[in-house]
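Engineer: quick one, fold the following:
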Amino acid sequence: MGCAISGLAPKTLGETKTEEDVAHLNEKQIQMIKESWKVIQEDIAKVGIIMFVRLFETHPECKDVFFLFRDVEDLEMLRTSRELRSHGLRVMSFIEKSVARLDQLERLDVLAVELGMSHYHYNAPPKYYSYVGAEFICAVQPILKERWTPELEEAWKTLFLYLSRLMKQGYQEETSRHHHEAASRKERPEKRNTPR
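Structural biologist: I've put the predicted structure just below:
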């Protein structure tokens, strides 16, 4: 579909930065993201749909995470799917909240970690998180037209790498918590209701 993006999805992470190397966004990048978001917001539902249709085109294995879309072969049908529109809007809402919290990193960190924890319950493993950022960037380029610059692309990449790292942290924390709870249940003998 014609979007050449590098440096975000795992297969190309090594070409620019690794997730561990991502520093916080600088003030100029934050302002660039906020200004571009004002334009992106106008087509928020469209971006969400494009982003997921592209995700399923470029990474068909991601459909397995989505029960409703798992067996859909005709990706064009997804463009009119209410369920896909709804999920796309939820993801766009997360991005909107993230942009709003760029000046409050503690709140942004909590938001992203909690989202990672909830993805554990959806069986949506971390290996897919960075793909969404790459497809978001490809979806917004045509909307931003001449406003799109290499610097703006780098700012969005940095944000998505940061968010992906925090989501992975949340997913891993939730995984550990569930494993610990399961181990604790095995160690404790169950109390039986015995008559006295």
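
Engineer: distance from the chain centre to the one helix or strand Gln172 maps to, please.
Structural biologist: Using DSSP states H and E, Gln172 falls within helix 150-187. With CA atoms, centre = their mean, to the nearest Å as the basis, helix 150-187 stands 10 Å off its chain's centre.

Engineer: may I ask which helix or strand of this structure has the lowest mean pLDDT?
Structural biologist: Ranked by mean pLDDT, DSSP states H and E, the weakest helix or strand in the chain is helix 75-78, scoring a mean of 84.

Engineer: next SSE downstream of that one?
Structural biologist: Next helix or strand after helix 75-78 toward the C-terminus (DSSP H and E): helix 82-100.

Engineer: where in this structure is pLDDT low?
Structural biologist: 1-23, 187-196 (pLDDT under 70).

Engineer: kindly recompute the last result at 90.
Structural biologist: Scanning the chain with the threshold set as pLDDT under 90 gives 1-25, 61-81, 105, 122-125, 127-128, 130, 178-196.

Engineer: what packs against the least confident helix or strand of the chain?
Structural biologist: Judged by 3 or more CB pairs under 8 Å, 6 or more residues apart in numbering; DSSP states H and E, the packing partners of helix 75-78 are helix 44-58. C-beta: built from backbone N, CA, C; applies to glycine.

Engineer: and the helix it packs on, which residues are buried?
Structural biologist: Buried residues in helix 44-58, defined by neighbour count with 16 or more other CB atoms under 10 Å: Lys46, Val47, Gly48, Ile49, Ile50, Met51, Phe52, Val53, Arg54, Leu55, Phe56.

Engineer: then stretch 90-109?
Structural biologist: Neighbour counts over stretch 90-109 (16+ other CB under 10 Å) mark Val91, Met92, Phe94, Ile95, Ser98, Val99, Arg101, Leu102, Leu108, Asp109 as buried.

Engineer: cool, stretch 158-173 as well?
Structural biologist: 158-171.
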